[in-house]
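Enquirer: here's my sequence, what's the structure:
(2 chains)
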Amino acid sequence: MARSKLKTMLDNEKGRNIKLEKQRRHEKEVRKRKEQKKAAENGTSDAEGGVPLDEVEKKVAEKSNGMAKKGKANGVKAAAPVEEPEWETDDSEDEDASDDDDDMEERPALDLSHLDDSESDVSGDDEEDEEVQETLGAAGDDEEEEDEKEQAEDDIALSDIESLADEDKADIIPHQRLTINNTAALTAALNRIKLPYSKLAFSEYMSLTSDEDVDIPDVDDDLNRELAFYKQSLSAVKDARGLLKKEGAPFSRPADYFAEMVKSDEHMGKIKQKLIDEAAGKKAAAEARKQRDLKKFGKQVQVAKLQERAKEKRDTLDKINQLKRKRSGADVTKTNEEDLFDIELDKSDKPDRREGGSGSFKRQKKNEKFGFGGKKRHAKSNDAVSSADSRGFSHKKMKGKAGGAAKRPGKSRRMKTK
Amino acid sequence: MAAVYKTLSATSGNEKESGERKNRQRVLILSSRGVTYRHRHLLQDLYSLMPHSRKEAKLDTKTKLHQLNELAELYNCNNVLFFEARKGQDLYAWMSKAPNGPTVKMHLQNLHTMEELNFIGNCLKGSRPVLSFDAAFEKQAHTRLIKELLTQIFGVPKTSRKVKPFVDHVMGFTLAGGKIWVRVYQINESEPGKKKPVDGEEMDVDSAPKKKGKTEFDVQLVEIGPRFVLTPIVIQESSFGGPIIYENKEFVSPNQIRADLRRAKGAKYNVRTEAIKDSKIRRGELGLTSHGGRKKEKDPLSDSVLFA
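Expert: You can find the predicted model right below:
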């Protein structure tokens, strides 16, 4: 519905376009001439689009003195104090300034009283805003004779363009909707409601402005943003504290002053519970992690222990073997005194006697074969370990030596070879 | 004793008044119909933070906002803070100086109420806040106006009825990215290793210079909540009416954003249906759908027949 309305409005506007453009061209020329004149006069021209605040204030003050003149100043001529600005458009932010017409955009000059007649309904809807602007434009037409700078609003807002179909988009040059920024009226309104700060004590209003802008490079960076807010408030609190103390106003709450709080005890209890729960959760998580680590580590410890045990066993076996060898080859090593001493320590009487008795290699072998000391029974019978031991097993051997059988020649051949 | 003190202080106050003007503010807080629970909780939070405010029942209409002026007059309020909910999700905050002051309409976003934020900060109900503003507020005319409005609405006047005499919280307003960010902190004072000065107000008066020297006071802030962000949309010259004297062109309405998202989603479907149509036509041209100029008869065992 908004679109159709817009389109009709567009069509209406298109009828007047030629005239408007002519007018614009004329305006441009006039302005250029004026500018040149002014440049010659002042040598300075404000490059900035907007009007500096203090200047506006000055003008407002002038106006209140009864010097209300009808006229207008646009952004280009802002520096010229000749005319009294009533309305102006802040087009310094216009993105499409390269467009030839756009830097010349301006709003019709109107009296505030005039504007009051065009009772605008502000509801934020696009179409209605358009209508308001339209009425303003129409009102401006009345004054066209007396004021050259009149111009109707025939731009299409960028936001409205997006709602049009693609094929329509092609032949429309997008213009951004002009921001209404009536600095004079804003300043007037501000002066109307402003508290007389100079006359009031600080303790009456307790409002502070930071010394410099709060610099927030990225508003999506939560941590830094909140830090900037915090710093701003903190500095304000410190200043306010000093000022209030100077005025003798009470600042800090005494410890024994109890009163109803913004957050009820119930609410605070809830928050406390939440904090406790959070802490408990964290603790539990830490515990679980520790347990997990321990488990992982415990396995390593176990492995290490097993390895150590195996190593110990190996070592002892080695030692035993060494000792055995030493005993067997006692004659060879007896030259070494230390070894001698060692063996002497280890040696009991018995082996010595035995060694001395036979001491031969033959005896050793026999002992190995038939056993020496201890139980003789069942020594050669299988037990669980030996039967599970499959080291000596080979399935090839189980197949019955085919190759071996083939190697044996036949009887006749054997006979022959004999 | 207390009576004596009261009379004494009253006389001194009167003396002051003769020379100085008083700051009298009363705020009417209300919402439109169709607010969600979060909006309602925000309203409640603000109400508890502003002892000079008066809460009203929900306003029935969203178009005849000038009725608010009469309501404000009825309750002797010179400020109106009106929350307008749209579509049960968007919240707009109107701030106005009631009889004929300017009106600012703002979009309220990123709303987090005290209840859901779980901040450990707390303050006295009815204590007066320090208002802290960003220096950027002073740069433009409309932000200056907004700053003044915020000061008058959120600043608790000294003479308010339910006010408590201490300052234990601060409200921060910061301009960032064309939006006003609002935070509320508790002021937590702690003296490092010294006894806390628990002297009365009278003591404070004469010991003021001594206090100033003592700067080693540790001031910390603990956030209380709520949090929200305001985007100025429009400023009107009179209260809920009158000409528009400022309009924010950068503001995109949440409706528009949602519509764009939906359209982007819909575009996918359009592309798909287009592709299906194209392939159908292509197949037709290749003669895959017809047999000798005649249309192929339906397969009696096709899925569409069997499971029709």
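Enquirer: so which strand or helix has residue A:234?
Expert: Here residue A:234 sits within helix A:222-247, counting by DSSP states H and E.
Enquirer: wait, does that helix contact chain B?
Expert: Yes. Using Cβ under 8 Å from any Cβ of the partner chain, helix A:222-247 reaches chain B at A:225-226, A:228-230, A:232-238, A:240-242, A:244-247. From N, CA and C alone the C-beta is placed, and that goes for glycine too.
Enquirer: hey, which helix is longest across the chain?
Expert: Just going to use chain A. For chain A, the longest helix by residue count, based on DSSP state H, is helix A:265-328.
Enquirer: let me rephrase: I mean chain B.
Expert: The single longest helix within chain B, with elements called by DSSP H, is helix B:254-286.
Enquirer: does chain A sit close to that helix?
Expert: Yes. For helix B:254-286 and chain A, the contact criterion (Cβ under 8 Å from any Cβ) is met by B:256, B:260.
Enquirer: what residue ranges in the chain score low on pLDDT?
Expert: Since no chain was named, I'll use chain A. Across chain A, the ranges flagged by pLDDT under 70 are A:1-22, A:37-179, A:330-359, A:400-406.
Enquirer: the intended chain is chain B.
Expert: Scanning chain B for pLDDT under 70 picks out the ranges B:1-21, B:192-216, B:292-293.
Enquirer: and residue A:275, how many neighbours?
Expert: Neighbours of residue A:275 under the rule other Cβ atoms under 10 Å in any protein chain shown: 12.
Enquirer: ok, now residue B:68?
Expert: As a burial measure, residue B:68 scores 23 neighbours (other Cβ under 10 Å).
Enquirer: ok, it - contacts?
Expert: Shown in contact with residue B:68 (Cβ atoms under 8 Å, 6 or more residues apart in numbering or on different chains): B:28, B:30, B:59, B:80, B:82, B:96, B:98, B:239, B:240.
Enquirer: any idea how far chain A is from it?
Expert: Distance of residue B:68 to chain A, computed by Cβ to the nearest Cβ, to the nearest Å: 14 Å.
Enquirer: what helix or strand is that residue on?
Expert: Taking DSSP H and E as the criterion, residue B:68 maps to helix B:67-74.
Enquirer: what's the following helix or strand after that helix?
Expert: strand B:79-86.
Enquirer: can you list the strands that the helix or strand just after that following strand pairs with?
Expert: Later in the chain than strand B:79-86, the nearest helix or strand by DSSP H and E is strand B:90-97. Paired strands of strand B:90-97, with direction, are strand B:79-86 (antiparallel), strand B:103-112 (antiparallel) (DSSP bridges).
Enquirer: what sits up against strand B:90-97?
Expert: For strand B:90-97, the external contacting residues (Cβ under 8 Å, 6+ apart) are A:124, A:193, B:35, B:39, B:42, B:65, B:68, B:78-86, B:102-109, B:111, B:146, B:149-150, B:152-153, B:230, B:233, B:239-240, B:254-255.
Enquirer: circling back to that earlier point, can you give me the offset of the longest helix of chain B from its chain's centre?
Expert: Relative to its chain's centre, helix B:254-286 lies at 39 Å (Cα atoms, centre = their mean, to the nearest Å).
Enquirer: would you mind listing the buried residues in it?
Expert: Going by neighbour count (16 or more other Cβ atoms under 10 Å in any protein chain shown), the buried part of helix B:254-286 is residue B:254.
Enquirer: quick revisit: kindly reformat the contacts of residue B:68 as a markdown table containing neighbour count.
Expert: Shown next, in a markdown table, are the contacts of residue B:68 (neighbours: other Cβ atoms under 10 Å in any protein chain shown):
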| residue | neighbour count |
| --- | --- |
| B:28 | 24 |
| B:30 | 21 |
| B:59 | 18 |
| B:80 | 27 |
| B:82 | 23 |
| B:96 | 28 |
| B:98 | 23 |
| B:239 | 23 |
| B:240 | 20 |
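Enquirer: and which of the residues you listed is nearest to chain A?
Expert: Using Cβ to the nearest Cβ, residue B:240 is the member of those that lies nearest chain A, at 8.8 Å.
Enquirer: relative to residue B:84, how far out is the closest one?
Expert: Going from residue B:240 to residue B:84 by Cβ to Cβ, to the nearest Å gives 11 Å.
Enquirer: go on, residue A:36?
Expert: Look at residue A:36 and residue B:84: by Cβ to Cβ, they are 51 Å apart.
Enquirer: comparing the two, which residue is more hemmed in?
Expert: The residue with more neighbours, out of residue A:36 and residue B:84, is residue B:84; 23 against 10, by other Cβ under 10 Å.
Enquirer: off-centre distance for stretch B:67-87?
Expert: The chain centroid and the centroid of stretch B:67-87 are separated by 15 Å, computed with Cα atoms, centre = their mean.
Enquirer: that one spans what distance, first to last residue?
Expert: 22 Å (Cα to Cα, to the nearest Å).
Enquirer: report the buried residues of that stretch.
Expert: By neighbour count on 16+ other Cβ under 10 Å, the buried set for stretch B:67-87 is B:68-69, B:71-72, B:77-86.
Enquirer: same thing with stretch A:269-279?
Expert: Neighbour counts over stretch A:269-279 (16+ other Cβ under 10 Å) mark residue A:271 as buried.
Enquirer: alpha carbons of that stretch, as CSV, please.
Expert: Provided in CSV are the C-alpha atoms of stretch A:269-279 (Å, rounded to 0.1, in the frame of the first residue of the first chain):
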residue,chain,number,x,y,z
GLY,A,269,19.2,-14.7,47.7
LYS,A,270,18.4,-16.0,44.3
ILE,A,271,21.5,-14.3,42.9
LYS,A,272,23.6,-15.7,45.7
GLN,A,273,22.2,-19.1,45.1
LYS,A,274,23.1,-18.7,41.4
LEU,A,275,26.6,-17.7,42.3
ILE,A,276,27.0,-20.6,44.7
ASP,A,277,25.7,-23.0,42.1
GLU,A,278,28.1,-21.6,39.5
ALA,A,279,31.0,-22.0,41.9
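Enquirer: returning to that earlier point: so after the longest helix of chain B, what's the next helix or strand?
Expert: Next along the chain after helix B:254-286, taking DSSP H and E as the criterion, comes strand B:290-291.
Enquirer: immediately after that following strand, which helix or strand?
Expert: According to DSSP H and E, the helix or strand after strand B:290-291 is strand B:294-295.
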